[in-house]
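Trainee: need a 3D model of the following:
(2 chains)
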Protein chains: 2
Amino acid sequence: MAELENDRFLRALLRESVDRTPMWMMRQAGRYLPEYRATRTKAGSFMQLCMSPELACEVTLQPLDRFPLDAAILFSDILTVPDAMGLGLGFAEGEGPYFEKPIRTEADIDALPIPDPEDELKYVMDAVRTIRSALNGRVPLIGFSGSPWTLVTYMVEGGSSKNFSRSKQMMYDRPDLMHKLLGKVADAVTLYLNAQIAAGAQAVQIFDTWGGALSTPKYQEFSLAYMRRIVAGLTREAEGRKVPVIMFTKGGGQWLELMADTGADALGLDWTTQIGDARSRVGDRVSLQGNLDPCALYASPDSIRREVADILAGYGHGNGHVFNLGHGITPDIDPEHVTALVEAVHELSKPYHV
Amino acid sequence: MAELENDRFLRALLRESVDRTPMWMMRQAGRYLPEYRATRTKAGSFMQLCMSPELACEVTLQPLDRFPLDAAILFSDILTVPDAMGLGLGFAEGEGPYFEKPIRTEADIDALPIPDPEDELKYVMDAVRTIRSALNGRVPLIGFSGSPWTLVTYMVEGGSSKNFSRSKQMMYDRPDLMHKLLGKVADAVTLYLNAQIAAGAQAVQIFDTWGGALSTPKYQEFSLAYMRRIVAGLTREAEGRKVPVIMFTKGGGQWLELMADTGADALGLDWTTQIGDARSRVGDRVSLQGNLDPCALYASPDSIRREVADILAGYGHGNGHVFNLGHGITPDIDPEHVTALVEAVHELSKPYHV
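Mentor: From the prediction side, this is the model:
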């Protein structure tokens, strides 16, 4: 493997010193880029794009060719694991994902296989290998997975959901079944992330998109516990370097102390949490990643610059901050506004690292 | 006016002693009740239901006839005020509310009138008077309004929104315009709530449904500040009794200390915040209302009872708790499950008030 030319991102995740705050953006390879839309059209469908290692590599690198970002993230979908467990993932035009065979009964859960990542999910591992080779040491590559709770909501609902009525009904009425299902998914996710690390992922992020829909005790029991189990099962060193783990619960601002205690190296923050408060709450236990409101990118470059300045000042001096959005970039953002964002982070963060 | 027979709700909001924890449910007059659906059909449309004082009274009383709840809440819509400001409210089948004339420019804002509640909104005040008379002292009547920020998101977007891109763009790019608009709406809401109090509302709740979509500093500047201004402008005594104010920011669990400092008597909690933690954070400054996950009502009566027990134990002994859901009840809940909920609150809360 080529020597890493830019390791700011990995260093910041481990609270080591850097010359400026590193940054990447959730969903940085996405529809706001015309070149992404072109590749997506060429691929035919979203899943065909995910399943082609060459095209997944192409879109992964697109934002890096436009903007001097400090990390690449594997282009894939969070629902690849349940798909590989046999649920039959599909995408209805404008309707989001659905599963042909949702999980409804104990027999459904018992019948679920734990996929071999180098078999049913080989297309993802091939994408990781292809991207690592194409990056050639430019920046580190992030692997990722959905959290067990997040994946299970889709598996039980059969797709997206407004209030998670079916999954929550199972959680409240049959916690034993829900735990059995989450345990299987956590095992599958652990294998999946370890395979990504073996294939070349240099950091991994767990996306707990729907953990914030739970009450505090249910979050601890049904989401956090399974993320902790995954973190404990991960390969934490590869190619002679530590492989940092980022845990991101959207809407999880009330639970940062609990998350900081799981063994994760860094926590992702959505934009509702003030990053300075978050830093004083978690102390030196973890790094923090975030947390610009993605909607701030609708505003002018001057306004974007002010918001960036606020977040950098909020975090303050010292190590342990990776700049990011508080959620994925939306499809209708002008790429010029991203240029303004990246320039602002580069320029305004330097004084905090002297 | 008839003497109030059951004042548990008002007493609990003012942290006075009660024999058991009072309860009501957000959206208690709603689609989960077959009798509501029948009246709704009779009315023709949702807005015709809101605009008929007799039918609004009928649906307001329906949940009280089924369940021994401790408060009634005016049946109305949160968008009545912008409608009265001339925006032209409509409801597209299955699509939610829209405004014919959304706010886009400074001229739009300057042209907005402040409605006279006893003129353009007289149908709401007539509903309050009709309901008070029909209640005849059974339980107190709650009046309500949306928060300025929440109303403004609909006014600027032109309806419901996924990420509030237009309103946030105005907020980030033209904070001066956003403040001008919020100021006008706050004035209109203050008049509206005071007119409800004059017409007979015995407590009022401000629903800040979308404050939780803001970053902490933007929440303080663009939502909380205007709710504080409304609270400061409200009539706080009527018929020889204090009129308590409840402030509810959905997703506002990180900001309870700030909210407790606005002059509100009580804070509404959604289900993501642990109520015992909330109580220790706000101390004796405010009462707390909440906070069962509405999805817990999909589960069995036994499971509902366990969740009720957890919340009551979380709050603990003493005054200052009004039991409620953490958000509105959903349309597909079995009314028998509500019976189980009310029975559990009645029975299990008594030991906390001896």
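Trainee: list the buried ones in the helix or strand of chain A with the lowest mean pLDDT?
Mentor: Lowest mean confidence among the helices and strands of chain A (mean pLDDT, DSSP states H and E): strand A:89-92, at a mean of 90. Residues of strand A:89-92 classed as buried under the neighbour-count rule (16 or more other CB atoms under 10 Å in any protein chain shown) are residue A:89. Backbone N, C-alpha and C define where each C-beta goes, glycine included.
Trainee: need the residues that contact whichever helix or strand comes after that strand.
Mentor: On the C-terminal side of strand A:89-92, the nearest following helix or strand under DSSP states H and E is strand A:96-99. Counting contacts by CB atoms under 8 Å, 6 or more residues apart in numbering or on different chains, the residues outside strand A:96-99 that touch it are A:77, A:79, A:82-83, A:87-92, A:154-155, A:158-160.
Trainee: and chain B, which of those residues reach it?
Mentor: Checked against chain B using CB under 8 Å from any CB of the partner chain, the contacts of strand A:96-99 give no members in range.
Trainee: sort those by pLDDT and name the bottom one.
Mentor: Lowest pLDDT among these: residue A:92, with 84.
Trainee: got the contact list for it?
Mentor: Contact partners of residue A:92, counting by CB under 8 Å, 6+ apart, are residue A:98.
Trainee: does it have any beta-bridge partners, and if so which?
Mentor: Residue A:92 forms beta bridges with residue A:96, as assigned by DSSP bridges.
Trainee: for the residue nearest to residue A:121 when sequence neighbours are not counted, which three-state class applies?
Mentor: Once its chain neighbours are removed from consideration, residue A:121 has its nearest residue in residue A:84; the separation is 5.1 Å (CB to CB, 6 or more residues apart in numbering or on different chains). Here residue A:84 is recorded as helix under DSSP: H, G, I helix; E, B strand; the rest coil.
Trainee: run a quick neighbour tally on residue A:84.
Mentor: 22 (other CB atoms under 10 Å in any protein chain shown).
Trainee: quick check, it in contact with residue A:114.
Mentor: No - under the criterion of CB atoms under 8 Å, residue A:84 lies out of contact with residue A:114, with a separation of 9.4 Å.
Trainee: between the two, what contacts are shared?
Mentor: Taking CB under 8 Å, 6+ apart as the contact criterion, the common neighbours of residue A:84 and residue A:114 are residue A:188.
Trainee: now residue A:145: how far from chain B?
Mentor: Taking CB to the nearest CB, to the nearest Å as the criterion, residue A:145 is separated from chain B by 23 Å.
Trainee: for that residue, give me its contacts.
Mentor: A:78, A:81, A:189, A:192, A:193, A:204, A:206, A:207, A:230.
Trainee: so the third one sits against residue A:150, correct?
Mentor: In other words, residue A:189. No - using CB under 8 Å, residue A:189 is not in contact with residue A:150, being 10.1 Å away.
Trainee: run through who's touching the helix or strand residue A:311 falls within.
Mentor: Counting by DSSP H and E, the element that carries residue A:311 is helix A:301-315. Outside of helix A:301-315, the residues that reach it under the criterion CB under 8 Å, 6+ apart are A:21, A:274-276, A:279, A:288, A:290-293, A:296-297, A:299, A:321, A:323, A:336-337, A:340-341, A:344-345, A:348-349, A:352, B:172-173, B:217.
Trainee: can you select the buried ones among those for me in PyMOL?
Mentor: Here is the PyMOL command that selects only those of those that count as buried (16+ other CB under 10 Å):
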select buried, (chain A and resi 21+274+275+276+279+288+290+291+292+293+296+297+299+321+323+337+340+341+344+345+348+349+352) or (chain B and resi 172+173)
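Trainee: narrow the contacts of helix A:301-315 to those in helices?
Mentor: Among those, the residues falling in helices (DSSP state H) are A:275-276, A:279, A:336-337, A:340-341, A:344-345, A:348-349, B:172-173, B:217.
Trainee: which among these gets closest to residue B:256?
Mentor: Distance to residue B:256, by CB to CB, is smallest for residue B:217 among the ones in helices among the contacts of helix A:301-315, at 16.5 Å.
Trainee: and the pLDDT for that closest one?
Mentor: Residue B:217 is assigned a predicted lDDT (pLDDT) of 97.
Trainee: quick one: contacts for it?
Mentor: Neighbour list for residue B:217: A:274, A:310 [criterion: CB under 8 Å, 6+ apart].
Trainee: nearest spatial neighbour of the closest residue to chain B within the stretch 51-200 of chain A, skipping sequence neighbours?
Mentor: Nearest residue of the stretch 51-200 of chain A to chain B, counting by CB to the nearest CB: residue A:172, 3.5 Å away. Spatially, and ignoring its direct neighbours in sequence, residue A:172 is nearest to residue B:299 (3.5 Å; CB to CB, 6+ apart).
Trainee: in the stretch 51-200 of chain A, which spans are strands?
Mentor: Defined through DSSP state E, counting those that start in this stretch, the strands belonging to the stretch 51-200 of chain A, from first to last, are A:72-73, A:89-92, A:96-99, A:141-146.
Trainee: worst mean pLDDT among these?
Mentor: Set side by side, these show their lowest mean pLDDT on strand A:89-92, which sits at a mean of 90.
Trainee: let me see the contact set for residue A:42.
Mentor: When contacts are taken as CB under 8 Å, 6+ apart, residue A:42 is in contact with residue A:55.
Trainee: if you could redo that for residue A:143, that was the one I meant.
Mentor: Residues in contact with residue A:143 (CB under 8 Å, 6+ apart) are A:74, A:128, A:193, A:196, A:197, A:201, A:203, A:204, A:205.
Trainee: and the residues you listed as a markdown table, adding neighbour count and pLDDT?
Mentor: As requested, the contacts of residue A:143 are exported to a markdown table (neighbours: other CB atoms under 10 Å in any protein chain shown; pLDDT from 0 to 100):
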| residue | neighbour count | pLDDT |
| --- | --- | --- |
| A:74 | 24 | 98 |
| A:128 | 24 | 98 |
| A:193 | 26 | 98 |
| A:196 | 28 | 98 |
| A:197 | 22 | 98 |
| A:201 | 26 | 98 |
| A:203 | 25 | 98 |
| A:204 | 27 | 98 |
| A:205 | 25 | 98 |
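Trainee: what does the stretch 201-350 of chain A put close to chain B?
Mentor: Of all the residues in the stretch 201-350 of chain A, those lying near chain B are A:212-219, A:251, A:253-254, A:271-274, A:277, A:293-296, A:298-300, A:303, A:307, A:310, A:326, A:330, A:332, going by CB under 8 Å from any CB.
Trainee: make a ChimeraX selection of the buried ones in these.
Mentor: In ChimeraX, selecting the buried portion of those, with burial taken from 16+ other CB under 10 Å, looks like this:
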select /A:212,213,214,215,216,218,219,251,253,254,271,272,273,274,293,294,295,296,298,299,303,307,310,326,330
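Trainee: how far away is the residue in chain A sticking out farthest from the centre from residue B:205?
Mentor: When distances to the mean C-alpha position of chain A are computed (CA atoms, centre = their mean), the maximum falls on residue A:107, with 31.0 Å. In this structure, residue A:107 lies at 46 Å from residue B:205, with CB to CB, to the nearest Å as the measure.
Trainee: check residue A:111 too.
Mentor: Relative to residue B:205, residue A:111 is positioned 48 Å away (CB to CB).
Trainee: residue A:240 too?
Mentor: Applying CB to CB, one obtains 59 Å for the distance of residue A:240 from residue B:205.
Trainee: with residue A:67 instead?
Mentor: Look at residue A:67 and residue B:205: by CB to CB, they are 46 Å apart.
Trainee: and the longest helix belonging to chain A, what does it pack onto?
Mentor: For chain A, the helix that runs over the most residues, judged by DSSP H, is helix A:175-199. When contacts are defined as 3 or more CB pairs under 8 Å, 6 or more residues apart in numbering or on different chains; DSSP states H and E, helix A:175-199 sits against helix A:80-82, helix A:106-111, helix A:122-135, strand A:141-146, helix A:148-157, helix A:165-173, strand A:203-208, helix A:225-233.
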